[in-house]
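Trainee: Could you look at this predicted model? Sequence included:
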Amino acid sequence: PQVREYHWTILEKEGNPDGIFKPMMTINGQFPGPLIEVNEGDTIVVNVVNRASNATAIHWHGIFQNGTAWMDGTAGITQCPIAPGQSFKYEFTVKGQSGTYFYHGHQGVQTLDGLVGPLVIHGREERTARPLSYVSDRVVMLQDWYYDSAEGLMVEVLSPGNEDSPIPNAALINGLNQAECSLHAGRRCDIEGTFLPTMNLAPGASHRLRFINLGGFAWFQVSVDEHLIIPVIEVDGTPVEASPESDLILSPGQRYSAIVTTDQTEHESFWLRARMIKTCFAEPIIPENGSDEARAIIRYSAEPQAQNVTVPQALPTTNNTNTDYPMVCKDMTSRKQYHPSPPLPAPEVADHSWYLRVNLAIGDWRLQRGVMNSSSFRPNLKEPTLHRLLDGLASSNESFTAEGVNAAAFDAKEELVVAHRGVETVDVILQNMDENSHPFHLHGHQFWVLGAGHGYFPGYAALGLQPEGRGLLDPANRTVVENPVRRDVATAEGFGWVLLRFVADNPGVWLFHCHMVWHSEAGMAMQFVSRLDDLRAWTLPEESRRLCQPPEEELRRGA
Ligand code: C2O
Ligand code: CU
């Protein structure tokens, strides 16, 4: 194992990834942020210096952080935000997982202004133990893009009477695209120096593409023209039995690795298309002067990657046969089952089942809120949950009861926190009460996706639920899937449900939230505490405490 150390300065900068200028948040002036590429077992050290005007925090999406919960990077949950002028050293070891991940700002909506980047963990026998081998391996980042500063948009989202989330203006692949400047009269635009992403893939071979949706709001459908079969071999870090697909759908936060085989003989260049799925938007319109599709060029070529590639004039837009597939706001898993390889069976029964109703609501104040049961989350930036919890445990004045539920959890309190003691198996039935699909992400764990569907969860009656949502799934009624997929983002479709099972074996406080940032920012989030008893022995590192002591104004500026 090695130590991989990075030095990052968070900088505000005007940028024009596709030609149109906007205020961005960058890492060392770079966008997307630098690739972190490590081997399983390595230690990642990232020294972050915040030179931006807002407080920030960096989250490592999908990384377990086993034993280092305070490094999870969630402002208000595991740490105080890094105030302007401050620095913080993230340090954690990646164990027991490999595959495709990413990192992003976890303070406000900074993700949408560019604070994102890829993270790849190579497994020990990644290339040899695979059902399919490949000669090259690369990251394909899909991202929705807003031309206005996301922070400004946030103010609009939360303004009285507003019900809809802003629709992205464009999409990017690996941070690149080319806008048509003449269509954007009101905006400063210059496409000089911009280009379409190009991937040189050696002909007659297989290549691994790691698709990551690291955007904040849009779902993507991806396909490669004339390459009708792209077997999936990884789902959110879990290796799966190769499963042939013609296209992939990714909600925000999801990843898939697929194998593209360069075996076509008619042409040498093909479009890789990434379309934002418009039916996922409440108001299904892309502003006419934007585009819902981003394209990259896949070129059969053994030559090393060229830097700046101009678009070949006549790239065949031949049979893009993949457009027939329904573009729906549903996980791939609603189309078919993926099976972990080697098998990774879920425990047969759970110790607890939680029934969580989620919806977006316009409350009495006509402000849009995301609601889980009756709680709508707001991070406590000055006293993160983990800090309060450890201090509470130290003074044996804990507010998390032995039953596993914060006494306040199911009241109309702001904060829904569910705590588990020891290592427990937990079921979550996410019942979506509104028309939007909500892709939920659990920090620090992966869950098995045991089932999903439309309408009410069918086991509802059999659950024996008390009104407050406690109760065990009737074992006779449990959903049985052979070797179900295990991942870290899964969706409750509009007016539908999803049943997730996880083992709460990772001590800490973990956010569980919709990964569409407008929704999570509006409060569609809650927290799970795992292994409460083991936290008793913990002391928070000085580095973590220190962050919580900047002058008060500075903290608030980032709020
Ligand atoms: Cu990808 Cu809570 O985040
Ligand atoms: Cu949502």
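Mentor: Yes, it's here. Ligands and ions are numbered 1, 2, ... in the order given.
Trainee: what are the bridge partners for the closest residue to ligand 2 within the stretch 301-450 of the chain, then?
Mentor: The nearest approach of the stretch 301-450 of the chain to ligand 2 comes at His438, 3.4 Å away (C-beta to the ion). In this view, the C-beta of every residue, glycine as well, is placed from N, C-alpha and C. Beta bridges link His438 to Ala492 when assigned by DSSP bridges.
Trainee: Could you list everything the closest residue to ligand 1 within the chain pairs with in the sheet?
Mentor: Ligand 1 sits closest to His61 of the chain, with a gap of 3.7 Å, by C-beta to the nearest ligand atom. Beta-bridge pairing for His61 (DSSP bridges): Phe102.
Trainee: With Val449 instead?
Mentor: Assessed by DSSP bridges, Val449 has beta-bridge partners Leu500.
Trainee: That one - how many residues pack around it?
Mentor: Using other C-beta atoms under 10 Å, Val449 has 26 other residues around it.
Trainee: shift numbering so it begins at 634
Mentor: With the count now opening at 634, the last piece we talked about shows up as Val1082.
Trainee: just checking, it touches Val1131?
Mentor: Yes. Taking contacts as C-beta atoms under 8 Å, Val1082 lies within contact range of Val1131: 6.7 Å.
Trainee: list residues touching both of these two?
Mentor: The contact sets of Val1082 and Val1131 overlap at Ala1123 (C-beta atoms under 8 Å, 6 or more residues apart in numbering).
Trainee: doesn't Ser1153 make contact with the residue of the stretch 934-1083 of the chain closest to ligand 2?
Mentor: No. Counting by C-beta under 8 Å, His1071 sits too far from Ser1153 to count as a contact (9.5 Å).
Trainee: how about the residues of the stretch 1084-1192 of the chain near ligand 1?
Mentor: With C-beta under 6 Å from any ligand atom as the criterion, the stretch 1084-1192 of the chain meets ligand 1 at residues 1144, 1146, 1148.
Trainee: Skipping adjacent residues, who's closest to the last one in space?
Mentor: Leaving aside its chain neighbours, His1148 sits nearest to Gly886 (3.7 Å; criterion: C-beta to C-beta, 6 or more residues apart in numbering).
Trainee: coming back round to it: residues in contact with the residue of the stretch 934-1083 of the chain closest to ligand 2?
Mentor: His1071 touches 991, 1063, 1065, 1124-1125, 1147, 1149, 1152, 1157, counting by C-beta under 8 Å, 6+ apart.
Trainee: Equivalent analysis for Arg637, please.
Mentor: Applying C-beta under 8 Å, 6+ apart, we find Arg637 in contact with 669, 671, 675-678.
Trainee: Next: Thr733.
Mentor: Neighbour list for Thr733: 751-753, 772, 843-845, 867, 869-870, 888-890 [criterion: C-beta under 8 Å, 6+ apart].
Trainee: on that earlier part again, restricted to buried residues, select the contacts of Arg637 in ChimeraX.
Mentor: Entered in ChimeraX, the line below selects the buried ones among the contacts of Arg637, by 16 or more other C-beta atoms under 10 Å:
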select :669,671,675,677
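Trainee: and the two most separated of the contacts of Arg637?
Mentor: Ile669 and Thr676 (11.8 Å; C-beta to C-beta).
Trainee: Remind me which helix or strand Leu1022 belongs to.
Mentor: helix 1018-1027 (DSSP states H and E).
Trainee: so what does the next helix or strand after that helix touch, helix or strand wise?
Mentor: Next helix or strand after helix 1018-1027 toward the C-terminus (DSSP H and E): strand 1050-1052. Counting contacts by 3 or more C-beta pairs under 8 Å, 6 or more residues apart in numbering; DSSP states H and E, strand 1050-1052 packs against strand 1158-1163.
Trainee: who does the strand it packs on pair up with?
Mentor: When DSSP bridges is applied, strand 1158-1163 pairs with strand 1050-1052 (parallel), strand 1141-1147 (antiparallel).
Trainee: any idea of the angle the helix or strand that comes right after the shortest one forms with strand 1158-1163?
Mentor: Spelled out, it's strand 1050-1052. The first helix or strand that comes after strand 1050-1052 along the chain, using DSSP H and E, is strand 1057-1065. In terms of direction (axes from the mean of the first three to the mean of the last three C-alpha atoms, to 10 degrees), strand 1057-1065 departs from strand 1158-1163 by 170 degrees.
Trainee: For strand 1057-1065, which helices and strands make contact with it?
Mentor: Helices and strands touching strand 1057-1065, by 3+ C-beta pairs under 8 Å, 6+ apart, are strand 985-995, strand 1071-1075, strand 1122-1125, strand 1129-1137.
Trainee: And those: which comes nearest Glu759?
Mentor: strand 1122-1125 (21.8 Å).
Trainee: remind me, longest strand of this structure?
Mentor: Counting residues, the longest strand found in the chain (DSSP state E) is strand 636-648.
Trainee: Give the buried residues for stretch 878-896.
Mentor: Those would be 878, 880-895, for stretch 878-896 by 16+ other C-beta under 10 Å.
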